[in-house]
Each structure stands twice: as structure tokens, then as C-alpha cells.
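Undergrad: compute the structure for the input listed below.
(4 chains)
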Number of protein chains: 2
Amino acid sequence: MNEHQVRQVRHFNRVVTQHVGALEDSYLQRGRPLGQARLLYEVGSDGTDVRVLRERLNLDSGYLSRLLRSLEAEGLIQTEAQAESDGRVRHVVLTPKGVAERTTYDALSNKLAWSFLESLDLAQRDRLVSAMAEIEHLLRAGAVDIRAEIPDSAAAQWCLEQYFIELSARFEKGFDPAQSNSASIQEMMPPAGFFVVAWLDGTPVGCGGLKAGMEGTGEVKRMWTAPNARGLKIARRVLQRLEMQARESGLTRLRLETNRALTEAQALYRAEGYQEVEPFNSEPYAHHWFEKQL
Amino acid sequence: MNEHQVRQVRHFNRVVTQHVGALEDSYLQRGRPLGQARLLYEVGSDGTDVRVLRERLNLDSGYLSRLLRSLEAEGLIQTEAQAESDGRVRHVVLTPKGVAERTTYDALSNKLAWSFLESLDLAQRDRLVSAMAEIEHLLRAGAVDIRAEIPDSAAAQWCLEQYFIELSARFEKGFDPAQSNSASIQEMMPPAGFFVVAWLDGTPVGCGGLKAGMEGTGEVKRMWTAPNARGLKIARRVLQRLEMQARESGLTRLRLETNRALTEAQALYRAEGYQEVEPFNSEPYAHHWFEKQL
DNA sequence: TGATATCTCTGACTAGAGTCAGAGAATGAA
DNA sequence: TTCATTCTCTGACTCTAGTCAGAGATATCA
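TA: Sure, this is the predicted structure:
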């Protein structure tokens, strides 16, 4: 734990919350409690079911109901049961006045954001905005959690499915798992193997499997990262996790094969110390074979 | 107002507050309201006068008193009148238990900060930390406010004093305002002239004056930036503000002279379009004379 | 010395945010 | 058809945070 870095993060948190706190104040200017303002914002211009609001904002149903009542009393929203659907759930829509009010809040948010940029010159604004993008990106990367999972869990299966779909699209001749060398659930499950899923904000965004073989050699299989989560170094972390597990299981060598279409994967393997070797199997979809001593 | 930038700032604010909000939750884990926790933290290991706390945290005195009472009831602090000083003000110190508790909060903060870094690799950590430093720096730069001020206001006088102190230190032969060409209060005050002070967080951090002369020519004087606020482009903004004012007053040319020790000032003048010219006065401390057509 | 100001404290109050228990209507499963 | 479940709503609370008005002690100014 690098103390200088921790101190910088703490200081940053303090400064930024101070700045951002100004948003709450500007929201309160409208003379409406924050809870109501947030709710008004969340209803959105197309309307929402009450149950969805409850879930999204994570509110007690009684509390939410009261918030809705007060917005309704102000003439900002209307709630009604929607015909043709579950008669228990109620649908909330903004009245014209509500739309106007929401627009005002939106403008306030814009104004606050602009106040961050306003007195900077153009070059500084660019730097600020890209530093912000960088931080978001890295926070996102840091929020990824890599967890062991059995390969027939729903999450793992979903990842594998996405993986196959992607291979079909990217390989010149498509991809049919049945034609390919095996990596069955059993083979990637303890004690024979190992499987990990990468999670981000409650959804799986990547996976990878390890299949133990003969003579201390394991095989890395099914490495995949969701398209919307690339650039977060997820595959690298998955791979490192598999290697860790391989070492713990007493394996001394890892092998893998890959298709020439998957250039970013090859780059990763080389960067992580895998050496290209002669084909060690007859995988029909492979063009490159790699190996690493653990 | 660049929409893309505004959107990025808003998004950043959302993401970051979400992340940082975790701190509050972790503070609440200790089973103590946030207000008390903050106060405990602010008392610090050396103790503080109650009045200072009131001012720093901006709390109502009744409210603060009650918060202190509850921390006292928990055995975390002690308040006592300090001998040898104003008998009205009370001094708060942490008990050993209070010190321990404060240390725990500190550790929680560290842990949260660390959680930002934890699952990043070393290169990513460096990038995160420097992006954070960059943002802080730019937010600080953005918070600088440049305001017109009469040059005998307390803030202006303080700046001028600091300016003279700095010149004395930096010039080879020291600096004596009496030896130097004049830039009196009258000369830098409307209608003859103009004076601006740069403010940051309620304290003056820079200044600059404009002295109108003959034939549409004005002189820029007393450009200064506080050492702890350099790198924020304050001098540039002050200069631009003076030029704006000069144009509004119908001036068509600005002049200024400077000492060879002030290299960063010369760089600024050149960057802002000032041309070095032959000496146009006999200022004894000057080595370079500049001029710009407005 | 007396008037005024300052500092801390107590009492009485408010608003926001949220929790919890249950009621009533609609829905779904056996 | 019945029984359990889901969804929304009302009523009754709680806790935190904060405001406001003064009281009592101490300090300062004229």
C-alpha cells in the first residue's frame, strides 16, 4: 500500500466531493427536497413504472409512495394504472409542468458542470476533460472483480455463449464448438480444472478456463472479454488468476492455442511471457500455439 | 459551452460521487452518526478550541455543543477550560479511547482510498494518481476569481507588500519602491487606472495594475502571483483582464518593463504578444522593456 | 464600574430521509 | 377456487442534522 498514492486519492476525494457537493445546493435552490428532485429526474420524460423507480433508487415502497404523492400534489407528475398490463403496478408520467421542472434541473446540472470549465482556457479544459475520462476508465477497471465460478453457472454459461458468438463472427470460416478441441464443464471444474468469471457492476464481463493435463501441463481455454469492457485489462487479470491457480495446483507449464484473427489475444500472451511453439495439438481453428513455464 | 465536455464532467461527477459515497457508508459502520465522526476527526490528536471547531466546520454553537456532549458521553473526548487563557473558550482533547477511534477512522479512509488502487496494476495506479493530481490542479485553477479592486484595499495592499518583499529577495541589488518609477494608488485607480486582485478560496493570490499614460498608451504594473498559487495561469488571466480594461478605456498600446531576474514574467509577456523594445523610461530596476499594440 | 460583547451551553423546535407493519387490490400457482 | 404473493399505499415511528432563542459566565471597552 503506497502511502503517497493513498494520500493523493484521499485528498482528491475530499476536493472533488467539495466541488460536486455544490450540485446538491443548486438542486435545493428550487425549494424542493433532494429526494423529490432526484425522483422527478429519474421518472424521465417517458414515464416509468413505480416498481422500476423503487428498484432503481432503492427506496422503501412507503417512502416512495409518499414522495410521489408530494410531486403529484405539486402537479408535476401523474400516476395511473396502465390499461392492458398488471393492474397492481402504477405508471408515473411527468405533466407538462413536470417536464419543465425536470428541464430546469437538467440546466442546473449543466450549469454546475460548466462552472468547472468556465474559467479555464481551452487547453486546460481539454486536459480536465481527458483526466476525468481517464479516471472514470480506471475506476471502472478497478471495479472489475474476478471470481472463481463453476463453468455451468448461469454467468459462466452466458460468457461462453457470447464467446462462441464472437468466434463465429471473427473467424474466417465461422466457429463450431463441436469441431474444436474439448473444454467441457467437467474439464474446467475442480478438481480437474478451474474457471473464473470477471464481474463489473453485477454483470459478467469476461471469463477464462484452465484445464489440467498430463505431466504438469495445463491448458488455458475460453479467454473472453465483453466488448463493452475492453481496455480494462480484464483478460490480463483473468490470465494471471488462472496462472496463480495453476501454480497452486502444482502445474509447471501452461499451453494455449489461438486463431490468427484474435490479434489482441496474441499480443496479450506474448506480453505475459508466452512463447510461440510448434503445434502441440490438432485444433482445427488454431494458427498459433503458445507455451509458458510457470 | 461545449456540450461534449459538459456531458463528460456530469458523468464524471456522477461516477465519482458514487465511488466516494462509499466513504460515508464505511464511516457509518462504526455505528456513530457522520456529524460526530467528522467532529472527532477534526478535533485532531493535539486538541482544539471549541470556537475553532465551530468556525472550521461551520456549525451552530448549540449543535456543536450537543455533538461534543455525545462524544464526551462515549468517553472519546474531554473538554476543559484551559488555564492561562480566555476563560470562556473551552479546549477539547481526545482521550486515549478517542485517539484510538480516530485512528480507526483514519484507517477506514485509507482502506477506501486503497480500494481505488488495489486491483489496478502499477502502471494504472500511476496513471490514476496523476490524473487525480491533474484534476485537483485544474479545479484549483478554475476556482481562481479575478476581481477589480481599489489598490488601497486590504487585499491589494497585502499583495503589493508581498510583491515588494519578493522583488527585494529576487533582484540582485534588492528593491526599494522609492527608487522605482511610480505606480501610486491614485494612478492605478479609476479613472486614471485600474487594479485587479486574484482570489482563491477567500484569500488573495495575485494582482496587477494598469496605469493610463499619454497618447493612448497604458502601463502594466505590479504583476504578482503568490508562490503557492503558481502554475495556475493566474498572471496570464490578470494580464488579459488588464488588457480588456485597457481596450475599454480606449487605450491602443500597452507598455511594461521588467527585471532580468523575473524570467517567467518575460516568458509570459512574450507569449501574450508583447515585443521587446528600446527602453522607454529610466526605471532603474528594469532590464527589458516590452510593448503591445491592442 | 457599568455596559456590551463573546463564548458555551440548554431547551424547544423543524425538516428531511427513511423504516416498519400492515391493509387492500390484483395476480399467479396449485 | 383458494391461497400465497406482489404491488402500492397509509399510518406511526425513528434518527440525523440543523435552527433559534436565550441564559450564565467571562472578557473588554469607555
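
Undergrad: list, one by one, the residues from chain A near DNA strand C.
TA: Remark: the part of chain A in contact with DNA strand C comprises A:33-36, A:59-63, A:85-88, using CB under 7 Å from any atom of the strand. All C-beta atoms are positioned from the backbone trio N, CA, C, and that covers glycine.

Undergrad: now restrict these to buried residues only.
TA: Neighbour counting over these (16 or more other CB atoms under 10 Å in any protein chain shown) leaves A:36, A:59 as the buried ones.

Undergrad: farthest pair in the residues of chain A next to DNA strand C?
TA: Looking at those by CB to CB, the two members farthest from one another are A:34 and A:87, with 32.2 Å of separation.

Undergrad: still on that earlier bit, out of the residues of chain A next to DNA strand C, which are inside strands?
TA: Judged by DSSP state E, the subset of these located in strands is empty.

Undergrad: and the one residue in the stretch 101-250 of chain A that gets nearest to DNA strand C, what element?
TA: Residue nearest to DNA strand C within the stretch 101-250 of chain A (CB to the nearest atom of the strand): residue A:105, separated by 13.9 Å. Secondary structure from DSSP states H and E places residue A:105 in helix A:96-117.

Undergrad: centroid-wise, who is the farthest residue in chain A?
TA: Centroid-distance maximum for chain A: residue A:73 at 38.9 Å, with CA atoms, centre = their mean.

Undergrad: around chain B, pick out the residues from the stretch 151-294 of chain A.
TA: Remark: the part of the stretch 151-294 of chain A in contact with chain B comprises A:233, A:236, A:237, using CB under 8 Å from any CB of the partner chain.

Undergrad: ok, and the most crowded of these?
TA: If you count neighbours using other CB atoms under 10 Å in any protein chain shown, the busiest of those is residue A:237, which has 22 neighbours.

Undergrad: phi first, then psi, for the residue nearest to that residue when sequence neighbours are not counted.
TA: In space, and not counting its chain neighbours, residue A:237 is closest to residue A:146: 5.5 Å by CB to CB, 6 or more residues apart in numbering or on different chains. According to degrees, to the nearest 10, the main-chain angles of residue A:146 amount to phi -100, psi 120.

Undergrad: strands of chain A, start to end?
TA: Assigned strands in chain A, in chain order: A:48-49, A:77-81, A:90-94, A:145-148, A:193-200, A:203-212, A:217-225, A:253-258, A:275-277, A:288-293 (criterion: DSSP E).

Undergrad: need those strands in CSV with mean pLDDT, can you?
TA: Rendered in CSV, the data for the strands of chain A read as follows (pLDDT from 0 to 100):
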stretch, mean pLDDT
strand A:48-49, 93
strand A:77-81, 90
strand A:90-94, 94
strand A:145-148, 94
strand A:193-200, 94
strand A:203-212, 94
strand A:217-225, 94
strand A:253-258, 94
strand A:275-277, 94
strand A:288-293, 94
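
Undergrad: ok, which of these comes nearest residue B:17?
TA: When these are compared (using CB to CB), the closest one is strand A:193-200, at 18.7 Å.

Undergrad: chain center to that closest one, what's the gap?
TA: 14 Å (CA atoms, centre = their mean, to the nearest Å).

Undergrad: check which helices and strands that strand is in contact with.
TA: strand A:145-148, helix A:154-170, strand A:203-212, strand A:217-225, helix A:234-248 (3 or more CB pairs under 8 Å, 6 or more residues apart in numbering or on different chains; DSSP states H and E).
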